[in-house]
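A.B. asks: This is the structure alone, sequence omitted:
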């Protein structure tokens, strides 16, 4: 006959809730709560939110932001920027049949010596010739590398997410070919 073991300890009662906050570049807004029995277990966890949740702008629902917890003080956990990404469904909705989609994956080094990998997509309403697509790709690469070399990481990420740099590229690329849209698809901190 099997013996019944001792009483099982409920570990859920030992756990605490920790408030998670976004970095300074996003106004230290609350991202939510994490539960853990040890604050050391929280460091390294990744929280995902949309830009709409941080800004309240419903037109930014398709932008996902990832933050990594890097510090815990008391019952508050503070994060750093990890990654930015557009929803795949949004990217698919922008491309149509007979469009040209130009993808550029660029490794950047900012003024404060941070490394970023940025994916930028340019979408044209019709098929482009090879020379035109090469010219647009070269314009995107040179403009983004120049901007990164002159800026620190935080303002560069803010301008990429809010679209200031892509609007400059859009205006310049209109002279080469009538581009319909230029989007920063992904920013990853290396």
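C.D. replies: Noted; the coordinates are in hand. Owing to the predicted nature of the structure, the values given are computational and were not obtained by experimental measurement. Numbering: from 1, shown residues only.

A.B. asks: Which parts of this structure are strands?
C.D. replies: 16-21, 30-36, 46-50, 63-73, 76-86, 100-109, 115-124, 181-189 (DSSP state E).

A.B. asks: Name the spans of this protein whose pLDDT lies under the cut-off.
C.D. replies: Along the chain, segments meeting pLDDT under 70 span 1-6, 12.

A.B. asks: Show me the chain divided up by domain.
C.D. replies: 16-84, 88-189 (automatic domain parsing).

A.B. asks: Using TSV, lay out those together with distance to residue 7 and mean neighbour count.
C.D. replies: Backbone N, C-alpha and C define where each C-beta goes, glycine included. Shown next, in TSV, are those (distance: least, C-beta to C-beta, whole Å; neighbours: other C-beta atoms under 10 Å):
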stretch	distance to residue 7	mean neighbour count
domain 16-84	19	15
domain 88-189	47	16
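
A.B. asks: Throw these into a markdown table and include distance to residue 8, thanks.
C.D. replies: Below are the domains of the chain laid out as a markdown table (distance: least, C-beta to C-beta, whole Å):
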| stretch | distance to residue 8 |
| --- | --- |
| domain 16-84 | 16 |
| domain 88-189 | 42 |
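
A.B. asks: gap between residue 186 and residue 70?
C.D. replies: 21 Å (C-beta to C-beta, to the nearest Å).

A.B. asks: That should have said residue 141, apologies.
C.D. replies: 31 Å.

A.B. asks: swap in residue 122?
C.D. replies: Distance from residue 122 to residue 70, by C-beta to C-beta: 34 Å.

A.B. asks: Likewise for residue 151?
C.D. replies: 22 Å.

A.B. asks: hang on, the earlier thing: quick one, which of the domains of the chain is nearest to residue 10?
C.D. replies: Nearest of the domains of the chain to residue 10, taken as C-beta to C-beta: domain 16-84 at 11.5 Å.

A.B. asks: Can you give me every residue that contacts the residue most central in space within the chain?
C.D. replies: In the chain, the residue lying closest to the centroid (C-alpha atoms, centre = their mean) is residue 84, at 0.7 Å. Going by C-beta atoms under 8 Å, 6 or more residues apart in numbering, residue 84 touches 63, 64, 65, 66, 157, 160, 161, 184, 186, 187, 188.

A.B. asks: Could you do residue 26 as well?
C.D. replies: Residues in contact with residue 26, defined by C-beta under 8 Å, 6+ apart, are 54, 65.

A.B. asks: Over to residue 178?
C.D. replies: 124, 125.

A.B. asks: same thing but at 7 Å, please
C.D. replies: residue 125 (C-beta atoms under 7 Å, 6 or more residues apart in numbering).

A.B. asks: about what we covered before: now flag whichever of the contacts of residue 84 is closest to residue 89.
C.D. replies: In terms of C-beta to C-beta, no member of the contacts of residue 84 lies closer to residue 89 than residue 64, at 11.5 Å.

A.B. asks: The closest residue to residue 78 other than its chain neighbours and residue 46: what is the separation?
C.D. replies: Nearest non-adjacent residue to residue 78, counting by C-beta to C-beta, 6 or more residues apart in numbering: residue 71, 4.6 Å away. Residue 71 sits 14 Å away from residue 46, going by C-beta to C-beta.
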